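In: Structural data only, the sequence is not supplied:
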């Protein structure tokens with residue numbers, strides 16, 4: 001109670017009134033019935049929204065469920081007999097680090113080989129030429145690329161992603177959880193490359209974390225393979241109703257996105273004025289490195305003031321703090337607390 005939560009990258013605003021009404025309307029005698037097992041109305045609405053066909057869409061219980069399905073479907077389980085480079089590649093899941101912490105968990109659960117490729121200190125996307133000199137595997141069965149990157153917030157140009165996808169032979173999933181706050185998106189790429197899937201979620205931008213709705217956009221062959229593996233009735237009915245209402249009220253959310261981006265810019269400038277380093281962000285959070293104090297100390301002293309942020313005790317990111325963009329009031333209190341902490345820790 002009384003906490004300011006700037007640690008989980010949620011939209012600080014509630015769902016639109018239209019979405020709330022849709023959820024309440026759906027909470028009637030239909031609760032005793034099973035929902036549409038294929039989420040057909042939602043898939044049709046998403047296809048119309050993105051300019052594709054329903055066969056290009058699969059909906060899941062959050063995008064996490066679909067990431068797990070993809071791991072099962074496209075990365076073969078580990079076999080002791082795999083010795084050649086080709087055999088190993090067929091069993092490999094790869095991703096950049098730092099990145100979404102679920103990827104290694106999924107690899108381990110499904111017995112796949114992990115190939116972790118370190119991002120440079122700038123957290124920018126390496127070129128194909130740089131990757132050829134690294135441990136990146138262009139033949140890996142499954143590659144996850146978070147764009148914009150988390151936890152750094154770095155946006156990756158669609159043209160750069162296209163070059164990487166063109167060189168990749170295995171399934172490549174572009175995880176766009178934060179794309180609604182970015183200048184570019186990768187949705188054109190599944191149309192160009194049949195091995196590419198774009199992952200989206202209603203959680204981060206559309207205030208539906210509680211409902212757990214995510215979806216993939218990709219070639220019908222890949223989508224069909226995932227659809228055959230999913231559980232029946234995997235998407236709850238209230239979530240389907242909420243997502244449908246969200247798509248019909250998209251203008252409401254775009255105003256929120258603009259406001260969050262403005263606050264992101266304002267907060268970045270305020271921290272830089274203190275001498276902090278803030279990476280360019282294309283997400284609803286910023287990644288900042290303090291001066292005169294460690295990130296761990298900054299995190300703890302904010303916590304003592306009931307302001308929650310995210311600090312990662314891991315190489316390369318240990319010196320940084322991830323801060324979700326909250327409401328104007330929350331960000332004002334965050335900056336006020338940070339200024340006080342900075343003053344108290346300045347050298348005499």
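Out: Nice, I can see it. On a predicted model such as this, the values are computed, not experimentally measured, just so you know.
In: Name the residue closest to the centre of this protein, please.
Out: residue 177 (3.0 Å; C-alpha atoms, centre = their mean).
In: Hmm, residue 62 and it touching each other?
Out: No. Counting by C-beta atoms under 8 Å, residue 177 does not reach residue 62; the two are 10.2 Å apart. For every residue, glycine as well, the C-beta is placed using N, CA and C.
In: From the structure, what's the count of residues near residue 157?
Out: 14 (other C-beta atoms under 10 Å).
In: Sorry, slip of the keys, the one I care about is residue 136.
Out: 19.
In: quick one: contacts for the closest residue to residue 307 other than its chain neighbours?
Out: Excluding the flanking residues, the one nearest residue 307 by C-beta to C-beta, 6 or more residues apart in numbering is residue 4, at 4.6 Å. Shown in contact with residue 4 (C-beta atoms under 8 Å, 6 or more residues apart in numbering): 306, 307, 308, 326, 330, 333, 334.
In: how close does the closest residue to the fifth one other than its chain neighbours get to residue 150?
Out: If I follow you right, that is residue 330. Closest residue to residue 330 apart from its sequence neighbours, by C-beta to C-beta, 6+ apart: residue 4 at 4.9 Å. To residue 150, residue 4 is 21 Å away according to C-beta to C-beta, to the nearest Å.
In: Any buried residues in the top helix by length along the chain, and which?
Out: Counting residues, the longest helix in the chain under DSSP state H turns out to be helix 250-273. Neighbour-count burial for helix 250-273 flags 252, 253, 256, 257, 260, 261, 263, 264, 267, 268, 270, 271 (criterion: 16 or more other C-beta atoms under 10 Å).
In: Now tell me what touches that helix from outside.
Out: 11-13, 16, 18, 49, 180-181, 205-206, 246, 278, 281, 284-286, 288, 323, 325, 328, 331, 334-335, 338.
In: Which of these fall within helices?
Out: Using DSSP H, the contacts of helix 250-273 in helices are 18, 49, 246, 328, 331, 334, 335, 338.
In: between those residues, which is nearest residue 157?
Out: Each of the ones in helices among the contacts of helix 250-273 was checked against residue 157 using C-beta to C-beta; the closest is residue 49, at 23.3 Å.
In: What's the per-residue pLDDT of that closest one here?
Out: Residue 49 carries a pLDDT value of 97.
In: Quick check: it touching residue 247?
Out: Yes. Between residue 49 and residue 247 there is a contact at 5.5 Å, judged by C-beta under 8 Å.
In: who's more crowded, those two?
Out: residue 247 (16 against 13).
In: Which residues are in contact with the more buried one?
Out: Neighbours of residue 247 in contact, by C-beta under 8 Å, 6+ apart: 45, 46, 49.
In: wait, which of those is closest to residue 72?
Out: residue 46 (22.8 Å).
In: which residues sit against the helix or strand hosting residue 23?
Out: Here residue 23 sits within helix 17-26, counting by DSSP states H and E. Applying C-beta under 8 Å, 6+ apart, the external contacts of helix 17-26 come out as 14-15, 207-208, 237-238, 241-242, 244-246, 248-249, 252.
In: distance of the closest residue in space to residue 5 that isn't next to it in sequence from residue 327?
Out: Spatial nearest neighbour of residue 5, excluding adjacent residues (C-beta to C-beta, 6+ apart): residue 308 at 5.2 Å. Counting by C-beta to C-beta, the separation of residue 308 from residue 327 is 14 Å.
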